[in-house]
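Undergrad: sequence and predicted model, in that order:
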Amino acid sequence: MLYAILCYDNEDVVGSWTKQEDDAVIAKLSVVTDRLAHAGRLGPVFRLLPTTAATTVRKGKEALVLDGPFAETKEQLLGVYLVDCEGLEEAVEAAQELARASSTNGCYELRPLSLFMPGAVAGP
């Protein structure tokens, strides 16, 4: 099963890191992602641009396009890991490893994925 591991944190803190601080965090996270990739379990990983670059489309009778994110959350969604796991326990283990490698107090949300696009690849 594919799981999305959603990375939430304070973008002001993460955005204030120097290049050296950011490189150090990425190096720690790479230990985990390299292991997952070597096992053939890692899909795309990406960091989102700041929420100031976001646009929200609100559903309704007429779609409303708004500048910025409008989710009610203290922390912002900063990135996503797609990981192929046997089940939730294995996905939790991967998220725990990422949390140990991270240097901030954010959180990781795990969401199983259901592919709905014809022709989509079922694994990483």
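TA: Structure received.

Undergrad: and stretch 87-94, how far out from the chain's middle?
TA: 15 Å (CA atoms, centre = their mean, to the nearest Å).

Undergrad: going forward, count from 35.
TA: Understood, numbering begins at 35; the last thing we discussed is stretch 121-128.

Undergrad: list the contacts for the closest residue to Ala135 other than its chain neighbours?
TA: Counting by CB to CB, 6 or more residues apart in numbering, Ala135 lies nearest to Lys62, which is 4.1 Å off, once chain neighbours are set aside. C-beta here means a position set from N, CA and C on the backbone, and glycine is covered the same way. Residues near Lys62 by CB atoms under 8 Å, 6 or more residues apart in numbering: Ala135, Ser136, Ser137.

Undergrad: just give me how far the helix or strand where Lys62 lies sits from the chain centre.
TA: Assigning secondary structure by DSSP states H and E places Lys62 in helix 53-72. Distance of helix 53-72 from the chain centroid (CA atoms, centre = their mean) equals 14 Å.

Undergrad: same question for stretch 84-99.
TA: 20 Å.

Undergrad: coming back round to it: got the contacts of Lys62 as a markdown table, with neighbour count and secondary structure columns?
TA: A markdown table is the format used below for the contacts of Lys62 (neighbours: other CB atoms under 10 Å; DSSP: H, G, I helix; E, B strand; the rest coil):
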| residue | neighbour count | secondary structure |
| --- | --- | --- |
| Ala135 | 16 | helix |
| Ser136 | 18 | coil |
| Ser137 | 12 | coil |
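
Undergrad: sorry, back to before: model confidence over the following helix or strand past the helix holding Lys62, on average?
TA: Toward the C-terminal end, the helix or strand that comes next after helix 53-72 (DSSP H and E) is strand 76-81. Throughout strand 76-81, pLDDT has a mean value of 91.

Undergrad: returning to that earlier point: report the angle between the helix holding Lys62 and strand 76-81.
TA: For helix 53-72 against strand 76-81, the angle by axes from the mean of the first three to the mean of the last three CA atoms, to 10 degrees is 160 degrees.
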